[in-house]
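A.B. asks: Predicted model follows, preceded by the sequence.
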Amino acid sequence: MSWWKEFEIVDAHAHIHPLSPDFRVALTLEELRELMRQYNYSKAIIMDRDNYAISKAVRGSRDLFANVWVNPREKDYMRDLEKYLGEENFVGIKMHPLFDGYTPDSPIVRPVISAAEEAGVPIQFHCGHPPFSLPWSFEPLAREFPSVKIVLLHMGHGHIVYINGAIEVAERNPNVYLETSGMPMHTKIKEAMERVGRDRVIYGDDAPCGHPSWELEKVRASGLDGENLRRVLGENAKRLYGLD
């Protein structure tokens, strides 16, 4: 039996539909559900620039939930944010400073954070690429909005300096959470649990950019015991997003 079948797994970060043309990858709803069946995912949180398509995918679902993708450089972003946050199965906000061309400490981000605070939902940020998404640039937001739960996707991504920086920022700010996808150093997951807290590290695979076959193994290879594996793989995301 595959080891992951012992755990309830929640994917906090997946996509359907084509991503940016630069990626040349895509995932259909049917393909996502097949991955979920194969790897024992009980729930997944999905997102895409096309919030309308995402709303159709999650409507009436018991296992699919959504983040509203917000680009604060677009004219009607606040209208769309308010619309989709009020829809069924939307549980948070997603922002991508690298794709959309702003820094997290820019004034244009503040209204979105305020909306997250008012709605009481977490907000995910792509983290780990200069100049737009370095981990330290999220700290002013975390300190200005201590009641807003901020998730740093990829916990610094592929560079050891940024990975360490993401852990340090989360260690200093109790409202900052770390997500595991795309980060290559398995040992840093255990280190984050020990330094940041057992409740503030969550699993994601960033499908279709990532795949559960190695994202799950990376978490297991980190050396966490069974209880902490249970927390990272599902319990922490369920608690953070109110999915119980």
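C.D. replies: On my side now, so go ahead. Residues are numbered from 1 along each chain as shown.

A.B. asks: Tell me which stretches of the chain form helices.
C.D. replies: With DSSP state H as the criterion, the chain has helices at 29-38, 51-58, 77-85, 97-100, 110-119, 139-144, 160-172, 187-196, 212-221, 226-230, 236-241.

A.B. asks: now, of those helices, which is deepest in the fold?
C.D. replies: Neighbour counts (mean count of other CB atoms under 10 Å) averaged over each of the helices of the chain peak at helix 236-241, with a mean of 21. (Glycine included, C-beta is placed from N, CA and C.)

A.B. asks: Let me see the mean pLDDT of that one.
C.D. replies: On average, the pLDDT along helix 236-241 is 98.

A.B. asks: Any stretches of this structure with poor pLDDT?
C.D. replies: The model of the chain has pLDDT under 70 over residues 1, 20.

A.B. asks: again, only this time at 80
C.D. replies: Within the chain, the stretches with pLDDT under 80 are 1, 18-23.

A.B. asks: that older thread, could you export the helices of the chain as CSV, including distance to Leu178?
C.D. replies: Shown next, in CSV, are the helices of the chain (distance: least, CB to CB, whole Å):
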stretch, distance to Leu178
helix 29-38, 23
helix 51-58, 24
helix 77-85, 24
helix 97-100, 17
helix 110-119, 18
helix 139-144, 12
helix 160-172, 5
helix 187-196, 5
helix 212-221, 12
helix 226-230, 14
helix 236-241, 10
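
A.B. asks: of all the ones you listed, which lies closest to His17?
C.D. replies: For those, the distance to His17 is smallest for helix 51-58, at 5.8 Å, taking CB to CB.

A.B. asks: Remind me what the closest one packs against, helices and strands.
C.D. replies: strand 41-47, strand 64-69, helix 77-85 (3 or more CB pairs under 8 Å, 6 or more residues apart in numbering; DSSP states H and E).

A.B. asks: now the shortest one against helix 110-119, angle please.
C.D. replies: Comparing the axes of strand 64-69 and helix 110-119 via axes from the mean of the first three to the mean of the last three CA atoms, to 10 degrees yields an angle of 140 degrees.

A.B. asks: Show me what strand 64-69 is packed against.
C.D. replies: Packing partners of strand 64-69 (3+ CB pairs under 8 Å, 6+ apart): strand 41-47, helix 51-58, helix 77-85, strand 90-95.

A.B. asks: Dump the helices and strands packed on helix 51-58 into TSV; add distance to Thr187 as well.
C.D. replies: As requested, the helices and strands packed on helix 51-58 are exported to TSV (distance: least, CB to CB, whole Å):
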stretch	distance to Thr187
strand 41-47	24
strand 64-69	28
helix 77-85	37
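
A.B. asks: So Leu81 is in contact with Asn67, correct?
C.D. replies: No: at 10.9 Å, Leu81 does not count as touching Asn67 under the criterion of CB atoms under 8 Å.

A.B. asks: what touches both of those two?
C.D. replies: Ile93 (CB atoms under 8 Å, 6 or more residues apart in numbering).

A.B. asks: Contact partners for the nearest residue to Asp206 once chain neighbours are set aside?
C.D. replies: Spatial nearest neighbour of Asp206, chain neighbours left out: Ser181 (3.8 Å); criterion: CB to CB, 6 or more residues apart in numbering. Contact analysis of Ser181 by CB under 8 Å, 6+ apart lists His13, Leu153, His154, Tyr203, Gly204, Asp205, Asp206, Cys209, Gly210, Glu215.

A.B. asks: Excluding chain neighbours, what is closest to the first one?
C.D. replies: Spatial nearest neighbour of His13, excluding adjacent residues (CB to CB, 6+ apart): Gly204 at 3.1 Å.
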